[in-house]
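J.: return atomic coordinates for the entry below.
(one chain, ligands or ions: 1)
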Amino acid sequence: MSTQISAPPSLPLSAILPTEPLLLMGAGPVPIPQAVAQANGVIINHLGPTMDRVIQNVKAMAGYAFQTRSTKILGLAGPGSAAMEMAVANTSWPGRSVLCLKSGTFSGRLGEMAQGVGADVTILESEAGRPVFAEQVESALAKGRYDVVTMAHGETSCGVKLVDLPEVCRMAKAHGALTIVDAVVTLGAMPVPMDEWGIDVCLTGGQKALSSIPGVSICAFSEDVWKTVERHPGPRPHWCYDAVRAQRFWGEQQYHYTAPVPGVLALHEALRLVAEETLERRFRRHEMSSLAMQAGLEAMGLCLFAPKDVRLNSVIAITLPKGIDSASLRAYMTKSFRVEISGAFGLNIVRVGQMGEQCRSHNLFKTLYALGMSFIHEGAKLNMSAGMSALEQGLAGDRGETFVD
Ligand SMILES: Cc1ncc(COP(=O)(O)O)c(C=O)c1O
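T.: Numbers count the residues shown, from 1 in each chain. Got it, this is the predicted structure:
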């Protein structure tokens, strides 16, 4: 038989990838530790005693990262958005009403997903560059009756943090509504104590503050909310993201679908490194790193988009000075310094990530230097030495030691 479609030129990956890897300092994915990269190259059977041990460990370590005693911790093959989909699709259905707190692309996406499963969705939108505040939620809850309240702890698209999250969760509970919290850019970077704050469904992706690979995510359900999940009237809209089916694999070691084995192993290593570092030290590293970077950027003469009281430490949004083009700035930075940062979803900003392995002093100095020099190349007037010095001082720590190595 003759083939009708001829073979394309077979280009090896090495001909496509940069010879020297780029330093990923954008909004994710982020650099991964060696142990995570190695685990991602291993394949074992997705069922059987070895995988069972891996899953038990992943659940125990994820329980630590989420600060929950719930046993309904489900990993899934898919991006952070798939975990959002799992959270929404198992708690919302036609006849249920959802209040979506929106301050940008990702918090708004939860509302789109709730509409997608046929729920009755009300959007409570914040002022631009601000989160939704507790008083706004209080008045929305007083006016309507809601089954679910959705929110993103960190809104990556504009670098804003939902600072009232614990209070919002308390209010929702008092109102009889369950809460879905997207902690994709905050889990592992700052406290998200699921049980203490009374979060019902909390989710994250692998590629952000956990410093694992993209494509394997985690969705944790509280024991309380599980009763709601089980009473979904059906038909369940997402077979793969059906939490009850997923629990067969994650809770009972039975087949659901073929698990993304290397990604789960990578996640195991990423979570192990979180436990080894301890949450306390990890949060301190992230905070110190981000505050030092913010100080460096401001001392250089750049303006940060989000006001300090609501600024998200894990993704710093920098307002572009007049006349500076985001694409041209980033292209120059990548070509000349091998450092990548992120553009934006329609806003006049660029974004620098401060998650996981990004928060290491060598990465910070390289990034701030590369960014400053690229801005200057594009025509901005900046004070490089003031910026680099502020970064150095910010990292010096309380006792003159550098914490962020
Ligand atoms: C806060 C937040 N939620 C959800 C997502 C979606 O994650 P993914 O792109 O892996 O689907 C992102 C991605 O940047 C995010 O920042």
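J.: the helices in the stretch 251-400 of the chain, which residues?
T.: 261-277, 279-300, 326-337, 361-377, 384-395 (DSSP state H, counting those that start in this stretch).
J.: tell me, how many neighbours does the closest residue to the ligand within the stretch 51-200 of the chain end up with?
T.: Nearest residue of the stretch 51-200 of the chain to the ligand: residue 80, at 2.7 Å (Cβ to the nearest ligand atom). Backbone N, C-alpha and C define where each C-beta goes, glycine included. By the criterion of other Cβ atoms under 10 Å, residue 80 has 26 neighbours.
J.: which parts of the stretch 51-200 of the chain sit against the ligand?
T.: 79-81, 84, 106, 152, 154, 156, 182, 184-185 (Cβ under 6 Å from any ligand atom).
J.: beta partners of the residue in the stretch 301-405 of the chain that the ligand sits nearest to?
T.: Nearest to the ligand, among the residues of the stretch 301-405 of the chain, is residue 315, at 7.3 Å (Cβ to the nearest ligand atom). Beta-bridge pairing for residue 315 (DSSP bridges): residue 353.
J.: now it: how far from residue 385?
T.: Separation of residue 315 from residue 385 (Cβ to Cβ, to the nearest Å): 26 Å.
J.: same question for residue 221.
T.: 51 Å.
J.: more neighbours, those two?
T.: In this view residue 221 and residue 385 are compared by other Cβ under 10 Å, and residue 221 has more residues nearby, 29 against 11.
J.: ok so residue 65 is a strand residue?
T.: No - with DSSP: H, G, I helix; E, B strand; the rest coil as the criterion, residue 65 is helix rather than part of a strand.
J.: if we can go back for a sec, what about the residue of the stretch 301-405 of the chain closest to the ligand, how many residues nearby?
T.: By other Cβ under 10 Å, the residues close to residue 315 number 29.
J.: give the full set of residues in contact with it.
T.: 27, 154, 156, 159, 185, 351-355 (Cβ atoms under 8 Å, 6 or more residues apart in numbering).
J.: could those residues go into JSON lines alongside neighbour count, pLDDT and distance to residue 366?
T.: JSON lines is the format used below for the contacts of residue 315 (neighbours: other Cβ atoms under 10 Å; pLDDT from 0 to 100; distance: Cβ to Cβ, whole Å):
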{"residue": "27", "neighbour count": "26", "pLDDT": "98", "distance to residue 366": "18"}
{"residue": "154", "neighbour count": "31", "pLDDT": "98", "distance to residue 366": "24"}
{"residue": "156", "neighbour count": "29", "pLDDT": "97", "distance to residue 366": "22"}
{"residue": "159", "neighbour count": "28", "pLDDT": "98", "distance to residue 366": "21"}
{"residue": "185", "neighbour count": "30", "pLDDT": "98", "distance to residue 366": "22"}
{"residue": "351", "neighbour count": "25", "pLDDT": "98", "distance to residue 366": "17"}
{"residue": "352", "neighbour count": "24", "pLDDT": "98", "distance to residue 366": "12"}
{"residue": "353", "neighbour count": "31", "pLDDT": "98", "distance to residue 366": "14"}
{"residue": "354", "neighbour count": "29", "pLDDT": "98", "distance to residue 366": "14"}
{"residue": "355", "neighbour count": "32", "pLDDT": "98", "distance to residue 366": "16"}
